[in-house]
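>>> The sequence isn't on hand, but the structure is:
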């Protein structure tokens, strides 16, 4: 087994599922926690509740952290691709969290101060895009919390992608969508400076089929959590993808990050606690373009030197 573990529980309640998952990795959280916490939910669209992180999952997360640790500030931050941030806060019921937790701040990442990160176009040429400074801050304990969803380009969207694709401002998000290989490479490049310290997946109800916005409901009742202790942030997304019925080796950005030393793809080598992966494994209906999405693999031989070169830059 490699270092790091993923907690897995089943529940018919978001509050119970999230809090029990976190309790199982309490000691790991304790080693990484900071006084300021940033929570990155997923509001890819502010108009469809099924595509967004449910407010109850975030409520349970905040409650657990402030009840167990000396937290001075909680930030909820997002940069929706479709719609405005504060409309999502309103539509998804997040306003009540401000009333419940006095030390909570909402940050619209699309209006944040900016820095630049280098990514690649479909011809392998580097260029820079604008990304939010907040997700790059090192004084924050960064939490990525999302529901499991299929994706129209990169198979699945989970904790790492949630954080990484939240970084570019709205106008620059489309620029990372090059061909199937380079969007995976660009997500991996954006993930390096934005990697979450804690990943939490609320799988009470996921999205399958034509995700990440317009798919259909996939009731599941499974919850996952993992702390990035050293070089293992890929673990939770590998486990969740596998439990959704997907091969983690088919998810390009996870494959590249694993090659760069960010964790293991093989679920058999990752320690799970409470439940085993076989106890929660199901089969999400993939996106209709799933087989086409796997065409990123055809570029591996051509761009293996670039992947290795970028690995050395970390």
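Okay, I see it. Keep in mind it's a predicted model, so treat the numbers as computed, not measured.

>>> CA atoms for contacts and neighbours, from now on please.
Fine.

>>> show me the contacts for residue 166.
78, 79, 80, 109 (CA atoms under 8 Å, 6 or more residues apart in numbering).

>>> just residue 143 next, same as before
Residues in contact with residue 143 (CA under 8 Å, 6+ apart) are 37, 38, 39, 40, 196, 197, 198, 199, 200.

>>> Tell me how far the third one lies from residue 131.
Right, the one you point to is residue 39. Note on residue 39: its distance to residue 131, by CA to CA, to the nearest Å, is 17 Å.

>>> With the last one instead?
From residue 200 over to residue 131 the distance is 23 Å, taken as CA to CA.

>>> Can you show me the helices along the stretch 1-150 of the chain?
Remark: helices assigned in the stretch 1-150 of the chain by DSSP state H, counting those that start in this stretch are 14-24, 26-32, 55-68, 85-91, 95-100.

>>> a markdown table for those helices, including mean neighbour count, distance to residue 120 and mean pLDDT?
Formatted as a markdown table, the helices of the stretch 1-150 of the chain follow (neighbours: other CA atoms under 10 Å; distance: least, CA to CA, whole Å; pLDDT from 0 to 100):
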| stretch | mean neighbour count | distance to residue 120 | mean pLDDT |
| --- | --- | --- | --- |
| helix 14-24 | 23 | 36 | 98 |
| helix 26-32 | 15 | 32 | 96 |
| helix 55-68 | 18 | 34 | 98 |
| helix 85-91 | 18 | 27 | 97 |
| helix 95-100 | 13 | 38 | 95 |
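
>>> Including distance to residue 276, could those helices go into JSON lines?
Formatted as JSON lines, the helices of the stretch 1-150 of the chain follow (distance: least, CA to CA, whole Å):
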{"stretch": "helix 14-24", "distance to residue 276": "13"}
{"stretch": "helix 26-32", "distance to residue 276": "19"}
{"stretch": "helix 55-68", "distance to residue 276": "22"}
{"stretch": "helix 85-91", "distance to residue 276": "35"}
{"stretch": "helix 95-100", "distance to residue 276": "33"}
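
>>> To residue 212, which of the ones you listed lies closest?
helix 85-91 (15.8 Å; CA to CA).

>>> Other residues contacting the closest one?
With CA under 8 Å, 6+ apart, helix 85-91 has contacts from 43, 45, 46, 47, 78, 79, 95, 108.

>>> Filter the residues you listed down to the ones in strands?
78, 108 (DSSP state E).

>>> So which of the contacts of helix 85-91 is the closest to residue 282?
Closest approach between the contacts of helix 85-91 and residue 282, by CA to CA: residue 43, at 24.8 Å.

>>> The nearest residue in space to residue 3 that is not next to it in sequence: what's it in contact with?
Distance criterion CA to CA, 6 or more residues apart in numbering; nearest residue to residue 3, sequence neighbours excluded, is residue 232 at 7.2 Å. Contact analysis of residue 232 by CA under 8 Å, 6+ apart lists 3, 4, 262, 263, 264.
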